[in-house]
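Asks: give the three-dimensional model of this entry:
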Amino acid sequence: MLLDAAREATAEAVGCRPDELSFTSSGTRAVHAGIAGALAGRRRVGRHLIVSSVEHSSVLHSAEVHTADGGAVTEVPVDRAGAVSARAYSDALRADTALACLQSANHEVGTEQPVAAVAEVCRAAGVPLLVDAAQSLGWGPVEGDWSLLAASAHKWGGPSGVGLLIVRKGVRFAPQGPVDERESGRAAGFENLPAIVAAAASLRAVRAEAAQEAVRLRELTERIRGRVPQLVPDVEVVGDPERRLPGIVTFSCLYVDGETLLHELDRAGFSVSSGSSCTSSTLTPSHVLRAMGVLSEGNVRVSLPFGATEEEVERFLDVLPGAVAGVREKLGAPTPTAVVREDELVVDALGKRCPIPVIELAKVIGDVPVGGTVRVLSDDEAARLDIPAWCEMREQEYMGEEPAEKGTAYLIRRLR
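Replies: Presented below is the predicted three-dimensional model:
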């Protein structure tokens, strides 16, 4: 009875039938099961899968498995704000397309996607659309005529370990793995009943306050978006300025190591995230920031929770400039190793991690005449994203890259 009641309450919040909704062990598991089942159910149509370039890693990992198994995958690009277009999905559709996937809103930058328009395009082509609604479901139902949907309870403030998988009636779906009698055969094992009940109750609770809280948090995030560039020099605020989730603000600071900045803010009492490539565990830039073509170094994501206050935001804005300045001072402005080769300045940044290659480029760009070029040698993977992003911010011409004896050479022409 408790399970049925939780299913009915959750289905009402999602906007689907109770018998279309299955509880899974996580949002990631819901995505994996949804993609695998939909692809298997439409195998006779073909093995072509469409995803956007900024999807959650659970979607992209499923795409990798599909490719390794002989399937075909098309990644739809995004604009600089992180949004796809319905036209791009229309162009990607093929006669053998079995499934398309699109997030409702981006986890890193908060940009909302045109799900309804993409769903209409897919529906006209007879292709089901799976929506990853983990980031947005707490704010309201997902609009549009989508076919499958996945979500995670902890994203709306519920308990970890509960995911949702919705498969609309009429969608061809073949659950993968051993058949289990529970959850329509889509999620094996006994349901975590206490967590499911808590997930349903928390979703109803946050939805009851969502409209009012969204207005308040949008005002606070708009304040951060507007004030940060005024308070901190050399900052790029990323993500769509209007079509975005209420509580997420993301910005990148030039000449700053993202993890070091996070530690400084943590000492001041602020827990924020970073999509920066400069982490202790990996040198790979955030795939979202890379797809958007924006700066990855010094990246900060602020997620305002329900109940965040104006006083907390103001204190964050008071602390941030000093934290950034302190990190920049600690990094110093290393003396670039530069030589002049004919009409070209060569900066050797080999062996130096971001943001050092960009700092060295910024220091020497004024040493070449307008029209002259700078060649930056770097073996840091993040430079492939950050140097073009710096050029766009500084209105210089990025001429491309070419192989070097060691690492890669990035060419920049001074325009001003």
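Asks: residues touching Val118, list them.
Replies: By C-beta atoms under 8 Å, 6 or more residues apart in numbering, the residues touching Val118 are 84, 86, 89, 100, 102, 129, 144. Quick note: C-beta positions are derived from backbone N, CA and C, even for glycine.
Asks: now with 7 Å, please.
Replies: 86, 89, 102, 129 (C-beta atoms under 7 Å, 6 or more residues apart in numbering).
Asks: and the pLDDT for it?
Replies: Val118 is assigned a predicted lDDT (pLDDT) of 98.
Asks: I'd like the distance between it and Ala389.
Replies: Val118 sits 27 Å away from Ala389, going by C-beta to C-beta, to the nearest Å.
Asks: what does Ala383 give?
Replies: Relative to Ala389, Ala383 is positioned 10 Å away (C-beta to C-beta).
Asks: which of these two has more neighbours?
Replies: Ala383 (30 against 24; other C-beta atoms under 10 Å).
Asks: the residue nearest to that one when sequence neighbours are not counted: neighbour count?
Replies: Excluding its sequence neighbours, the residue lying closest to Ala383 (C-beta to C-beta, 6 or more residues apart in numbering) is Pro357, at 4.8 Å. Pro357 has 28 neighbouring residues, counting by other C-beta under 10 Å.
Asks: show me what contacts Pro357?
Replies: With contacts defined as C-beta under 7 Å, 6+ apart, Pro357 is in contact with 349, 376, 378, 380, 383, 387.
Asks: and it, helix, strand or coil?
Replies: Using DSSP: H, G, I helix; E, B strand; the rest coil, the structure places Pro357 in helix.
Asks: picking that back up, distance to Thr74 added to the contacts of Pro357, as JSON lines?
Replies: Listed next are these as JSON lines, based on distance: C-beta to C-beta, whole Å:
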{"residue": "Ala349", "distance to Thr74": "35"}
{"residue": "Val376", "distance to Thr74": "33"}
{"residue": "Ser378", "distance to Thr74": "31"}
{"residue": "Asp380", "distance to Thr74": "29"}
{"residue": "Ala383", "distance to Thr74": "28"}
{"residue": "Ile387", "distance to Thr74": "28"}
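Asks: closest one of the residues you listed to Ala214?
Replies: Ile387 (37.4 Å; C-beta to C-beta).
Asks: in this protein, what secondary structure element scores lowest on mean pLDDT?
Replies: Of all helical and strand segments in the chain, the minimum by mean pLDDT, DSSP states H and E falls on strand 338-341, at a mean of 51.
Asks: now do whichever strand or helix holds Ala214, average pLDDT.
Replies: Here Ala214 sits within helix 193-231, counting by DSSP states H and E. Taken as a whole, helix 193-231 has a mean pLDDT of 95.
Asks: in its sheet, which strands sit next to whichever helix or strand comes after it, and in what direction?
Replies: Downstream of helix 193-231, the first helix or strand assigned by DSSP H and E is strand 235-238. Partner strands for strand 235-238, per DSSP bridges, with pairing direction: strand 248-253 (antiparallel).
Asks: and the angle from the strand it pairs with to helix 193-231?
Replies: Strand 248-253 runs at 40 degrees relative to helix 193-231, counting by axes from the mean of the first three to the mean of the last three C-alpha atoms, to 10 degrees.
Asks: quick one: the following helix or strand past strand 248-253 to strand 248-253, angle?
Replies: As assigned by DSSP H and E, the chain's next helix or strand after strand 248-253 is helix 258-267. With the same axes, to 10 degrees defining the directions, helix 258-267 sits at 120 degrees from strand 248-253.
Asks: flag every buried residue along helix 258-267.
Replies: For helix 258-267, a neighbour-count test (16 or more other C-beta atoms under 10 Å) marks 258-262, 264-265 as buried.
Asks: what of stretch 238-250?
Replies: Applying a neighbour-count criterion of 16+ other C-beta under 10 Å, one finds 238-240, 244-250 buried in stretch 238-250.
Asks: the protein: helices as residue ranges?
Replies: 2-14, 27-41, 57-68, 86-92, 115-125, 193-231, 258-267, 287-292, 310-331, 356-364, 383-394 (DSSP state H).
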